[in-house]
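# only the shape, not the letters, is given here:
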């Protein structure tokens, strides 16, 4: 009856079919293959690789990524970086504009603690805020974030990139560390054009640019087309998901995360209800009209989620249909947001539990 | 540098404007008003009220709901019920088909611990599983879940409801406790017709039906139209959200939860980027095309979320536009799933922190 969010949910040797549902599980062999395949690609093309830990938030997995050859890691939040710094990682890039006194205070402490902290900025406001907080005693490395078509953060032109680089370069307490972008998938040419132009402008100003960091899993295997880049960042590739299958990045058999669910109701011949809803699968559609792939039931469609229920339309199923009590597996649309819902992650090989890891950087406030 | 998911994020007396973002905050006055208004309505109509704790997952809030007059509480998972049982609640209804040895084991322990545990079933499979596990020593109360148009779980006809009620009634170890439905909003007439027909069939069989439980926040103030019901269940009403404003249940000023976010980038005149993405607001659309209401900027549209970024289109804003570093407030589409992402919840009155509560039942495995 003891309730503890860190309660042991499984032990090595358990069968995953005995796990209580809903529960994401990670296939060790697929995980290892995803890590190896991506690192081999980066090695082949002479690109440094920086895995984004937002997908798993587990230091032990980042250690496997680094052991395979990754140069450092990528975090999205200070609190994530703090967890990974505490676990011994030194080369950490936080790809976020850090603003406000509370976050700048924590960033200073983090920079004092590890040797290779880097952040990004895309405005004079962010740069000036960093500059006011850091000093030449322990300067902070800052990259300029460029919007090469992703439509999120980033300076809009190579000229603006060069100007902001100069501002960082001239700021006491800051070191200009490079350029970074978060691209739209399949837009290698536009990325290359933007970054090459910015590099020329930097060169003309005599400003060195040690890192040019490109990113994203969907077009990861086109990273070599961006010849201006020195490194690539990617997160989702380690688990993979339905959206990565659709993007052509991987096959369904490369999806290391399945969400185990139990059929709890079959109200009609055409409807099954499972115990995985938006609090297990999330509502991320990523362009899909439904909420995941049901393994072994290719014609089943997860048409709707409420918080703890998923409704599956079986009307197109020609073969057998899942029965009440049956455990099924779902490939989620988006693995990174599923990770973020669970405090622990269960790993298995051929259905036998190998380990349970704390999702250490989940749910932390900034 | 200490990292702890239960780290203190605020102290009473702090200003919410000093909180690190992203961070949901709860307005105490709106919270109290929402609790009082709903309970008064139930009292006026002689309906028992059973708040669903899935919205907040905080025992202290359930205690306020019960102090206001609620009859008991509603949980969606055994682990939620365990947390609330440990906090002293005795009358707990779990509105879920409980299946499988691990969950049945926990359910037995829970039934031994509290006096008023009730669950639902919508199939012979679920009933037989419960029946095999419980005994006359401490029988389990079971309601029949009816699908009166909600399209989720539930028996499909009043005849099936009566037949399943009989099966429960006849099962050693089980007590037939009533009928329950999860309605489509605005369908009071269909609900009444279904439930009244089932009640007639039960009466003809001589089976008493102590509880008839109807539910939902969107049409909560039409609960009295279902005259067959003895109680109503609702969760979202305590915080309210954008979907409840649209449903006509409440006004924008009744939304007790705002998500604080910081503008971290203004890459173009028409684009703002905030630090609240799908890991703070969730991707729940609930029929909307965008991801929340930006308080004070009615023409701003949150067009896209990635995990830690929200992209806001400002092109329709005629007045001033939010600046880099500015903290803004968002009314989320769906408050219940936002709760589920945070380990702690901050409460305030007029912007001054009153308390910080552990979201005790968040993220627990079954």
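That came through fine. Keep in mind it's a predicted model, so treat the numbers as computed, not measured.
# what residues does the stretch 101-250 of chain A put near chain B?
Neighbours of chain B within the stretch 101-250 of chain A, by C-beta under 8 Å from any C-beta of the partner chain: A:102-103, A:109-110, A:113, A:122-123, A:125-126, A:129, A:147, A:151-156. Any C-beta I mention is one placed from the backbone N, CA and C, and that applies to glycine too.
# domains of chain A?
Domain segmentation of chain A under automatic domain parsing yields A:16-25+A:250-358, A:45-239.
# how far off centre is the longest one?
Right, the one you point to is domain A:45-239. Distance of domain A:45-239 from the chain centroid (C-alpha atoms, centre = their mean, to the nearest Å) equals 14 Å.
# let me see the mean pLDDT of stretch A:25-42.
Mean pLDDT, stretch A:25-42: 98.
# which of the residues of the stretch 101-250 of chain A next to chain B fall in helices?
A:102-103, A:109-110, A:113, A:125-126, A:129 (DSSP state H).
# out of those residues, which is most surrounded?
Counting neighbours by other C-beta atoms under 10 Å in any protein chain shown, residue A:126 leads those with 25 neighbours.
# quick one, phi psi at the closest residue in space to that one that isn't next to it in sequence?
Once flanking residues are discounted, residue A:126 sits nearest to residue A:97: 4.5 Å by C-beta to C-beta, 6 or more residues apart in numbering or on different chains. Note on residue A:97: backbone dihedrals following degrees, to the nearest 10 are phi -70, psi 120.
# who does residue A:97 bridge with?
When bridges are called by DSSP bridges, residue A:97 pairs up with residue A:120.
# that one against residue A:121, yeah?
Yes - between residue A:97 and residue A:121 there is a contact under C-beta atoms under 8 Å: 5.8 Å.
# what about those two, which has more around it?
With neighbours defined as other C-beta under 10 Å, residue A:97 and residue A:121 compare such that residue A:121 has more, 30 against 27.
# and stretch A:52-61 with chain B, contact?
Yes - judged by C-beta under 8 Å from any C-beta, stretch A:52-61 and chain B are in contact via residue A:54.
# for that stretch, measure first residue to last.
11 Å (C-alpha to C-alpha, to the nearest Å).
# ok, now stretch A:152-166?
Stretch A:152-166 end-to-end distance (C-alpha to C-alpha) = 22 Å.
# need the mean per-residue confidence for it.
Averaged across stretch A:152-166, the pLDDT comes to 98.
# how about that stretch: buried residues?
For stretch A:152-166, a neighbour-count test (16 or more other C-beta atoms under 10 Å in any protein chain shown) marks A:152-155, A:158, A:160-162, A:164-166 as buried.
# same check, this time on stretch A:219-229
A:219-223, A:225-226, A:228-229.
# cool, stretch A:179-186 as well?
A:179-185.
# next: stretch A:83-95.
A:83-85, A:89, A:91-95.
# same question for stretch A:311-325.
A:311-314, A:317, A:321-322, A:324-325.
# residues contacting that stretch, please?
Here stretch A:311-325 makes contact (C-beta atoms under 8 Å, 6 or more residues apart in numbering or on different chains) with A:262-266, A:269-274, A:294, A:297, A:299-305, A:328, B:97, B:99-100, B:123, B:125-126, B:129, B:151-152.
# buried subset of the residues you listed?
Those of the contacts of stretch A:311-325 that meet the buried threshold are A:262-266, A:271-274, A:294, A:297, A:300-302, A:304-305, A:328, B:97, B:99-100, B:123, B:125-126, B:129, B:151-152, by 16+ other C-beta under 10 Å.
# among the residues you listed, which ones are in helices?
Those of the buried ones among the contacts of stretch A:311-325 mapping onto helices are B:125-126, B:129, per DSSP H.
# farthest pair in the ones in helices among the residues of the stretch 101-250 of chain A next to chain B?
Pairwise distances across these (C-beta to C-beta) peak at 25.8 Å, for the pair A:113 and A:125.
# hang on, the earlier thing: now flag whichever of the buried residues of stretch A:219-229 is closest to residue A:35.
Among these, and counting by C-beta to C-beta, the member closest to residue A:35 is residue A:220, at 12.6 Å.
# I'd guessed the closest one sits against residue A:237; true?
Yes - Residue A:220 lies in contact with residue A:237 (C-beta under 8 Å); the separation is 5.9 Å.
# overlap in contacts, those two.
Residues touching both residue A:220 and residue A:237 (C-beta under 8 Å, 6+ apart): A:38, A:249.
# tell me the buried residues in the strand or helix carrying residue A:356?
In this assignment (DSSP states H and E), residue A:356 forms part of strand A:352-358. For strand A:352-358, burial by neighbour count (16+ other C-beta under 10 Å) applies to A:353-354, A:356-358.
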